[in-house]
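> here is my input, please return the structure:
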Amino acid sequence: MAGLLGRLFRRRREELRCSAVVPAAGSSTRMGKDKLLLPLGEQPVLLHTLRALDACPYITEIVVVTREELIVPIGQLCRDAALEKVRKVIVGGATRSHSVLAGLGELSPDAELAAIHDGARPLVSQAVLEAVIRRASECGAAAPAVPVKDTVKRARDGLVTATLDRAELRAVQTPQVFQVDLIKTALQKALEDGAELTDDCAAVERLGIGVALTEGDYCNLKLTTPEDLAVAEALLAWREEQ
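Numbers count the residues shown, from 1 in each chain. Next up is the predicted model:
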């Protein structure tokens, strides 16, 4: 019986298929240099990210969206690392939404689910990846999130106007996973309306569609400033000791 259940579980894992789009076209202004190719441990930041996605059993293909001047070095990085699931490295657009849409347009015609994951989140775990993909397959839109640790204030002109209820606040991470047709429609509508988005969930929320939240991971931080890179180095070393 245990063997039968194991075979059935493996079959379900194999049947669940998800494509991935990796936006990696940012200017890295706050980092001061291109963060995606900076070393983290013994590998570039982006390589950690792509290897995590490549190792996920649900993910069948990866499209990386970057700046024109990074096409060649990132393409070479993927070839040297033998990342078989990286199908294309393409040039992004003027904004994140344009870049994500460009990546979605390069997915296989039969792609049903798309995981959109920041190139600068190199420490995403397999547990986070698998949980959010499974949830999106059930409800159409999902994202990992963690409870906010700090007290959050709303302020105007340097003065506090409100203290928000921390129990209701979540810091949302990536990958954010959607039915392909849903996220394409949502992003196109947001661009037509001139909406400014800070993540892809916001595009879906504008359509009145709820996004399910799964358990995130405080290690799954986005590298934005030099301090973030130092934290990531410590987390990487800590995780390898576990």
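> ok, for the residue positioned nearest the centre of the chain, nearest residue in space, not its chain neighbours?
Most central residue of the chain, judged by C-alpha distance to the mean C-alpha position with C-alpha atoms, centre = their mean, is H117 at 1.6 Å. Closest residue to H117 apart from its sequence neighbours, by C-beta to C-beta, 6 or more residues apart in numbering: P175 at 3.8 Å. To be clear about C-beta, it is placed using only N, CA and C from the backbone, and glycine gets the same treatment.
> and what of G93?
Excluding its sequence neighbours, the residue lying closest to G93 (C-beta to C-beta, 6+ apart) is S99, at 4.9 Å.
> a strand runs through the one you found, doesn't it?
No: read with DSSP: H, G, I helix; E, B strand; the rest coil, S99 is helix and lies in no strand.
> L53: how many residues sit nearby?
24 (other C-beta atoms under 10 Å).
> my read: it touches E61, true?
No: contact criterion C-beta atoms under 8 Å: L53 and E61 do not qualify, at 9.8 Å.
> so what sits against both of the two?
Residues touching both L53 and E61 (C-beta atoms under 8 Å, 6 or more residues apart in numbering): 20, 85.
> so where do the strands sit in this protein?
Assigned by DSSP state E, the chain shows strands spanning 18-24, 39-40, 43-44, 59-66, 86-91, 113-116, 141-147, 153-156, 159-163, 170-172, 176-179, 212-215.
> tell me the strands beside the fourth one, with direction?
Under the criterion DSSP bridges, strand 59-66 sits next to strand 18-24 (parallel), strand 86-91 (parallel) in its sheet.
> quick one: average confidence on the shortest one?
Which is strand 86-91. For strand 86-91, mean pLDDT is 97.
> what's the weakest-modelled helix or strand in the protein?
The least trusted helix or strand in the chain, going by mean pLDDT, DSSP states H and E, turns out to be helix 2-15, with a mean of 51.
> hey, which helix is longest across the protein?
Longest helix in the chain, counting residues (DSSP state H): helix 226-241.
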